[in-house]
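Colleague: Generate coordinates for the sequence data below:
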Amino acid sequence: MSHVPRVVLLGKNSGTNSEKTQKILSSIDPSEIPGEFLFSVFVTSTNGTRYQIDKKIIKRGISYKHIDENIRKLNIKEPIDVIEIVIDLGKVQSKLDEQSAEYLNKFFDN
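Modeller: Here you go, the predicted structure:
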């Protein structure tokens, strides 16, 4: 890809306390997003055509370092202008809660 696309990270609010998760996400710069957190990914070419990436292609997640490999699988001939990555904030929050509980249980369970 000779044209460098802009990558936009968005959050889908599916949880009850996604505001907290959104604050966490805005404070980090993820280099890799696990497939379990991906809600959808859209690619917009420079001519304005918008494509949705099939979930089968992104089921293992997305690595910013290797994002061009995922895009090549789409066989889009036009240069890509924008890549929109939509994260399910509810799933992120659930995972954070689960991991926090596991960590804290080590200290408080006897």
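
Colleague: Tell me where the protein has helices.
Modeller: Ranges of helices within the chain are 18-26, 55-58, 67-72, 89-108, based on DSSP state H.

Colleague: Quick one: closest of those to V43.
Modeller: helix 67-72 (6.4 Å; Cβ to Cβ). In this view, the C-beta of every residue, glycine as well, is placed from N, C-alpha and C.

Colleague: Please name every helix or strand in contact with the closest one.
Modeller: Contacts defined by 3 or more Cβ pairs under 8 Å, 6 or more residues apart in numbering; DSSP states H and E place helix 67-72 against strand 80-88.

Colleague: returning to what we had before: any chance of the helices of the chain in a markdown table, with mean neighbour count too?
Modeller: Formatted as a markdown table, those follow (neighbours: other Cβ atoms under 10 Å):
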| stretch | mean neighbour count |
| --- | --- |
| helix 18-26 | 14 |
| helix 55-58 | 13 |
| helix 67-72 | 15 |
| helix 89-108 | 13 |
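
Colleague: quick one, what contacts the residue nearest to N47 when sequence neighbours are not counted?
Modeller: Distances taken as Cβ to Cβ, 6 or more residues apart in numbering place E78 nearest to N47, at 5.3 Å, with adjacent residues excluded. For E78, the contacting residues are S45, T46, N47, T49, by Cβ atoms under 8 Å, 6 or more residues apart in numbering.

Colleague: Output the below-cut-off pLDDT ranges for the protein.
Modeller: 1-3, 14-29, 109-110 (pLDDT under 70).

Colleague: re earlier: okay, among the contacts of E78, which ones form the most distant pair?
Modeller: The most widely separated members of these are T46 and T49, with 8.9 Å between them, by Cβ to Cβ.
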